[in-house]
Structure formats: C-alpha cells, structure tokens
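S.K.: here you go, sequence then predicted model.
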Amino acid sequence: MGMMQEFKQFAVKGNVIDLAVGVIIGGAFGKIVGSMVDDVIMPVVGSIFGNLDFSNLYLALGAIPEGTAPTLAAVREAGVPVLAYGSFISVAINFLILAFIIFLMIKQINRLKKAEPPPAPPATPEDIVLLREIRDSLKK
C-alpha cells in the first residue's frame, strides 16, 4: 500500500474529520467568548472596581519618555519594555469562562444521552439446564 493511499485512509477516518470540525468550531467559539469577555464582562468587572480598565494595566520595565501617554499602547510604541499583566488577567478570565461553558455543555450532553441498558446475562449452557432438570426430578 502506497503512502498516499495510507494517508487517504487516515484523513478520511471519522475521528480525524470530527477533530477537524471540533477545532474549527472551537476557534469560532473562542472568538465569541473572547468578545463576550472583552466587550461585556470586563467592562462590568472594571466598573465594579472603580472604572478600572484591565487592558491598560502594565508595569513598565524601563524609563518612560516624557510626553508619552500613560496607556499600554503608547508605552509600547515608545519602545519601552512592559509587563502587561492586565492582558493576562483578561485572558485568564476568558479561559475560565470558556472552560465553564464547555463544562456546562458536556454536562448537558451527558444528561441527554440515553443510559445504555445493562447487558443481558449470558444464556445458560444446555448441559447446565439438563443437570438442573435431573436434580429437580431427583428431589421429587
């Protein structure tokens, strides 16, 4: 069997196609959750903590030139190395929300699955049945 034929069999297997679909849907779903975190949740959390904008939280690791606006984008544009921990907080919250939503989805899917009936007990062999009949007839 040629290498191309093996690759074709591998690529057409259901598991590989399911994985590809899952990755594509996961990427799109990640963008939706990212937008929800950045555009809906983080502004609410920021307002609870006194109009705090997490995306602009940073620690400058060098001297900031005079006249530079105190925003992350301006400091980066000035060439100052920064530790942007606010972006990390946003991404961490994004991950937690995404993980929680996936947990809820899996929980619902498992709830909707029908419980498989327990396997039927194996049939009793004929010789055992015959021996039982002989035993019962001898008891009488």
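M.R.: Done, it's in.

S.K.: all helices of this structure, in order?
M.R.: Along the chain, the stretches classed as helices by DSSP state H are 3-12, 14-36, 42-48, 72-77, 85-112, 126-139.

S.K.: poorly predicted segments of the chain, please.
M.R.: 1, 14, 51-53 (pLDDT under 70).

S.K.: hang on, the earlier thing: which of the helices of the chain is buried the deepest?
M.R.: helix 72-77 (a mean of 15; mean count of other CB atoms under 10 Å). Every residue, glycine included, has its C-beta placed from N, CA and C.

S.K.: helices or strands up against that helix?
M.R.: In terms of contacts (3 or more CB pairs under 8 Å, 6 or more residues apart in numbering; DSSP states H and E), helix 72-77 is packed against strand 82-83.

S.K.: gap between the strand it packs on and the chain center?
M.R.: Relative to its parent chain, strand 82-83 has a centroid offset of 29 Å by CA atoms, centre = their mean, to the nearest Å.

S.K.: strand partners (parallel or antiparallel) of it?
M.R.: strand 59-60 (antiparallel) (DSSP bridges).

S.K.: now do the strand it pairs with: distance to the chain's middle.
M.R.: 32 Å.

S.K.: do you know how far Tyr85 is from Ser55?
M.R.: 11 Å (CB to CB, to the nearest Å).
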